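A.B. asks: Any chance you could fold what I've pasted below:
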Amino acid sequence: MVQQIVPGEQPSTEIATQITAVDPLRLQQNRQLLLMQLAQGNSLQQILNSLIYGIEGADPLLTGAVLLRQMSGNKLELIAAPSLEPATRQTLLEAEKHVGSGICGQALLSGERIVFTDFRHHPCPACRNLGMLPQFAACWAEPMRNRQGEIIGVFALYNRHPVHPDLNQIALLTHSASLARLAIEHCRAKLALSMAHTNWQAAQPITLVTDLDNRILNCSVLFTALSGYRQEALFGKNLSGILSSQTSHVSTQASFTIESKCWAGELWLHKQNQQQPEAVWASIDMIFNKNGVICGKLVRLYPITDWNGDAVTRQRLATDQRWQPAALE
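C.D. replies: Numbers count the residues shown, from 1 in each chain. Okay, here's the model as predicted:
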């Protein structure tokens, strides 16, 4: 009842010819549809559901499912089975809880295709319970490997009859597993890129632009979040009333000369409606117009606290050699 085929095993020339001759138009259409959905930015759930619906529409005896290994490593997650009711999905998960349990769990553990033709004779009670449902007489499970060769999940086709797959169905199974793996890797890479971009944005300094009189012309959303001021309330406000070199509300302004076009040092940020200021490391650069004339200032702020929430001293920050501190008036 169980057939295990090592994924790397090459079929004979005769079998390979039969497989490639199996309805190539339908397989090509499935691939084109999946690639189009990836290009359109559809979610992984939508893409896998569409792939499975296409298979089930072509053969009503089949039910498709995609199960992934969770990051914890030992559990399986059912991420796509669009035609199953919630109660049926739960019964399937009971049979496929862990790596090594059920048909998909065995395929995930062994790394081999597993064909089981009659759930009624499975040694696991949960699998026999699954076999009592009309969709689950037989299971054909194909492991999916990522580019590093790690098994990330299983693409499964369930048949309403206890039968062994023919060459056409094996070709459909392997082709569909390959497409599902492609979609999973693409969406994971896209998610990782999005998270990296989000982290990069979060790591950016809090920025403001002022004129030469320190009046705020523009500021980042991060500054409004840190200071508590609304953006419209900041425009035209003198920055020296918000940043000072002392914890008391003493307006302090950095002086610049043409020879000293940047300044860096520790300042106190006085937040709106808060008595306790917050220490920030500030760097200020001149902004030049196209004629090389100074027309404004670019201010970058970095919150600086130690493990006790106290301000980091100027001496500890003096190791940054990129800036030449200028005197504060």
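A.B. asks: Just give me the neighbour total for the residue lying closest to Cys295 once chain neighbours are set aside.
C.D. replies: Counting by CB to CB, 6 or more residues apart in numbering, Cys295 lies nearest to Asn289, which is 4.7 Å off, once chain neighbours are set aside. All C-beta spots, glycine's among them, are computed from the backbone N, C-alpha and C. Look at Asn289: counted by other CB atoms under 10 Å, it has 9 neighbours.
A.B. asks: would you list every one of the helices in this structure?
C.D. replies: For the chain, applying DSSP state H gives helices covering 13-20, 24-40, 44-58, 86-95, 102-110, 125-131, 167-203, 221-227, 231-234, 314-317.
A.B. asks: Using neighbour counts, pick out the buried residues of the third one.
C.D. replies: Of the residues in helix 44-58, those buried by neighbour count under the rule 16 or more other CB atoms under 10 Å are 44, 47-52, 54-56.
A.B. asks: okay, the angle between that helix and helix 24-40?
C.D. replies: Interaxial angle, helix 44-58 versus helix 24-40 (axes from the mean of the first three to the mean of the last three CA atoms, to 10 degrees): 160 degrees.
A.B. asks: So which residues make contact with helix 44-58?
C.D. replies: Under the contact criterion CB atoms under 8 Å, 6 or more residues apart in numbering, helix 44-58 has outside partners 26, 29-30, 33-34, 37-38, 42, 62-66, 79-83, 157, 172, 176, 179-180, 183-184, 187.
A.B. asks: Burial check on the nearest residue to Thr91 once chain neighbours are set aside, number of neighbours?
C.D. replies: Of all residues not flanking Thr91 in the chain, Leu130 sits nearest, at 5.6 Å (CB to CB, 6+ apart). Neighbourhood size, Leu130 [other CB under 10 Å]: 25.
A.B. asks: Burial check on Gly241, number of neighbours?
C.D. replies: Other residues close to Gly241 by other CB under 10 Å number 14.
A.B. asks: next one: Glu232
C.D. replies: 8.
A.B. asks: where does it land on pLDDT?
C.D. replies: Predicted confidence (pLDDT) for Glu232: 81.
A.B. asks: From Glu142, how far out is it?
C.D. replies: To Glu142, Glu232 is 58 Å away according to CB to CB, to the nearest Å.
A.B. asks: Output the helices of the chain in a markdown table; the columns should cover distance to Leu298.
C.D. replies: Converted to a markdown table, the helices of the chain look like this (distance: least, CB to CB, whole Å):
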| stretch | distance to Leu298 |
| --- | --- |
| helix 13-20 | 62 |
| helix 24-40 | 39 |
| helix 44-58 | 41 |
| helix 86-95 | 55 |
| helix 102-110 | 54 |
| helix 125-131 | 63 |
| helix 167-203 | 18 |
| helix 221-227 | 12 |
| helix 231-234 | 15 |
| helix 314-317 | 19 |
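A.B. asks: Check those helices for me and report the most buried one.
C.D. replies: With neighbours defined as mean count of other CB atoms under 10 Å, those peak in mean count at helix 102-110, which reaches a mean of 24.
A.B. asks: which secondary structure elements does that helix contact?
C.D. replies: strand 62-69, strand 76-80, strand 113-116, helix 125-131, strand 138-145, strand 151-159 (3 or more CB pairs under 8 Å, 6 or more residues apart in numbering; DSSP states H and E).
A.B. asks: Tell me which of the ones you listed lies nearest to Cys219.
C.D. replies: Closest of these to Cys219 is strand 76-80, at 42.1 Å (criterion: CB to CB).
A.B. asks: centre of the chain versus the closest one, how much separation?
C.D. replies: Strand 76-80 has its C-alpha centroid displaced from the chain centroid by 17 Å (CA atoms, centre = their mean, to the nearest Å).
A.B. asks: show me where pLDDT drops low in the stretch 101-250 of the chain?
C.D. replies: Scanning the stretch 101-250 of the chain for pLDDT under 70 picks out the ranges 192-205, 246-250.
A.B. asks: try 50 this time
C.D. replies: Residue ranges of the stretch 101-250 of the chain with pLDDT under 50: 249-250.
A.B. asks: how close does the residue nearest to Cys295 get to Gly296?
C.D. replies: Taking CB to CB, one finds Asn289 at 9 Å from Gly296.
A.B. asks: try Leu173
C.D. replies: 64 Å.
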